[in-house]
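> Sequence and predicted model, in that order:
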Amino acid sequence: MLKIFPFFIGWRYFRAGNSTNLISFISLMAISGLVLGVALLILVMSIMNGFERELQGKILGSIPHIQISKTNGIDNLSGLIDLIEKDKNVVSTIPFSEIDGLLTSNGNAMPVQMLGIDILKSNDFIGNFVAGDLIKSIRNDDNKFLLAKGVANKLSLQAGDNVVLIVPQFNPLENTKLTPKIVSFEVGGVFATKTSLDQKLVIGSLSKVTDIIGLSHPQGIRIKLANIFNARETGYRLLSSLSENYYFSDWIQTHGNLYEAIKMSRKMIILLVFFVIAIAVFNVVSMLMMTVVDKHSDIAVLKTQGARNSDITMIFLTQGFLIGTIGSVLGAALGILGSLNAPFIINKIESIFEFSLLDSSVYPIDYLPSSLVWSDVFLVVSVAIILNLLVTIYPSLKAAKLSPANELKYY
C-alpha cells in the first residue's frame, strides 16, 4: 500500500524551508539558478531557431537556390526554361544578368551588384521584399533602377535622383582590361530586404543590365527549389542534360558556411547554457545535504515512530522533485515569455538608446529573430526535472542511513 506521509512531509519541508537563514538562502539560490538556467536555455534555443528560420525563409528567399549560367549568354532561353521546369524539385525560374560595378553620386561611391531580371516573372524572386508599385516603375522605364536601403542611405539617394554606374570592361580573348563603361540612370525607388543584400543590391530590367554587360542574351537562369537541401543534387542533374558551356552555383556555395555556423553556434550555446542548469542542479544537492543535517532530529523521530528507510528516502526525493519541477516550470514560463517578446524588447531598446544590435553590413540580418518551438520547451523542462531528480538520490539515501540512536542520545 502506498504511504502518503512521505510525500506530505516532503511537501511540508519544501514549503516551510529550513531553520537556518544560510540553508534558506542556499535553497533560494538553487531554485533561482534553475529558473534562470531553464529560461535562458529556452530563450537561446528560440533565438537560434529564429536565425535558422530567417536563413531558410528570408535570406534564402532573397537569393536563388540554384543559378545556371553561360559565359556568352543563353540564346535558347525558352527551351532551357522548359527543360529546367520539368524537374520535380524546381518551383520557378527567372532569366537574369548581373554585374559588379561602382555606383557614384555627389562625390561618394560604393561597390554594388547590379541585377537585371525579367520583371514579368519577378514576383517569386523579389516580391517578398520589393513592393509591386516599385516593380512596375522599372517595368515601364528601362532607365530606372531600384536601390537597396543600405546603398541608398550611404549615397544619400532617393527616388528621382540620378546616379552614375562605372562598370569594368574586360576582353577575354586578349586577356586585357578595357576602358570602363559609364552608365547614368534614375533611382526608381528604394527597397529593404533586412538582410546583407541591403548593402550592395541594385535591381533593374533584364534587357538594360544585359545591354550594360555587352551581351545579346541573358547570362543565366535563377531557380527556386521545393527542397533547398537537395540543391547540389538538383544542380548536377540539370547540368547533365546541358552542353559543356553551362555551369551552376547553388546557395550552399554562397551561404552554406553561414548555415553551418548557425547550427554549430546553436549547439555550442546550448551546451554552455546546459552547464548553467547542471550547476544549478548541483546546488540543489548541496541544499538537500544541508537540509538532511538540519532535519536529523526529525528523521530520528520518524524512524522511532516506525518510518522505514524507503520512507525517509521518499521524503527527500519528494522535496527535490518539487524543487526541480517548480523551478523548471517557472523557468519555462519565463523563457516562453522572453522568447515571444524578445524581438519587441530589443526593438524598444534600440529605439531608446539609438543603436543597432545587428548591422546588416556585418550580420546576415539586421534584427533579432525568435522562433519558439514547443518540443524544445518540453525537452528542456524534462531534462531539467530528470537531472534534478537524479542528483537528489544521493542526499536522500544519506538521510535514510541516519541512526536514530546516535541522533537522539543527546536529547
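Done, it's in.

> List every C-alpha atom in the helix or strand harbouring A300, with coordinates, as PDB.
When elements are defined using DSSP states H and E, A300 is found to belong to helix 296-304. Once side chains and other backbone atoms are set aside, the C-alpha atoms of helix 296-304 remain, and they are given as PDB (Å, rounded to 0.1, in the frame of the first residue of the first chain):
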ATOM      1  CA  HIS A 296      18.500  15.000  11.500                       C
ATOM      2  CA  SER A 297      16.500  15.000  14.700                       C
ATOM      3  CA  ASP A 298      13.200  14.900  12.700                       C
ATOM      4  CA  ILE A 299      14.500  12.000  10.800                       C
ATOM      5  CA  ALA A 300      15.400  10.200  14.000                       C
ATOM      6  CA  VAL A 301      11.900  10.800  15.500                       C
ATOM      7  CA  LEU A 302      10.300   9.500  12.300                       C
ATOM      8  CA  LYS A 303      12.300   6.300  12.400                       C
ATOM      9  CA  THR A 304      11.400   5.700  16.100                       C
END
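
> Tell me the pLDDT of the residue nearest to V130 when sequence neighbours are not counted.
The spatial neighbour of V130 that comes closest, neighbours along the chain excluded (CB to CB, 6 or more residues apart in numbering), is F191 at 4.6 Å. Using the backbone N, CA and C atoms, a C-beta is placed for each residue, glycine as well. Here, the pLDDT recorded for F191 equals 86.

> what number of residues lie near F191?
Look at F191: counted by other CB atoms under 10 Å, it has 20 neighbours.

> Equivalent analysis for G256, please.
Counted by other CB under 10 Å, the residues lying close to G256 total 13.

> again with F274
Here the number of neighbours of F274 (other CB under 10 Å) works out to 16.

> Could you verify my assumption that it touches I42?
No. In this structure, F274 sits apart from I42 without contact. The criterion is CB atoms under 8 Å, and the distance is 11.9 Å.

> Could you report the distance from D100 to F185?
Shown here: D100 relative to F185, a distance of 16 Å by CB to CB, to the nearest Å.

> And this structure, split by domain according to the record?
Structurally, the chain divides into domains by automatic domain parsing as follows: 5-58+258-408, 72-244.

> so which of these comes closest to H65?
Shortest separation from H65 across these is recorded for domain 72-244, at 4.3 Å, computed as CB to CB.

> Point out where the stretch 1-150 of the chain drops to low pLDDT.
Segments of the stretch 1-150 of the chain classed as low confidence (criterion: pLDDT under 70) are 1-3, 15-24, 26, 124-125, 127-129, 131-132, 140-141.

> Please enumerate the strands of it.
Under the criterion DSSP state E, counting those that start in this stretch, strands of the stretch 1-150 of the chain are mapped to 66-70, 90-105, 108-117, 144-148.

> The residue nearest to V130 pairs with what?
Residues in a beta bridge with F191, per DSSP bridges, are A148.

> ok, now which ones touch it?
F191 makes contact with 126, 129-131, 134, 146-149, 203 under the criterion CB atoms under 8 Å, 6 or more residues apart in numbering.

> Just the buried residues of the residues you listed.
Burial by neighbour count, judged by 16 or more other CB atoms under 10 Å, picks out 126, 129-130, 134, 146-149, 203 from those.
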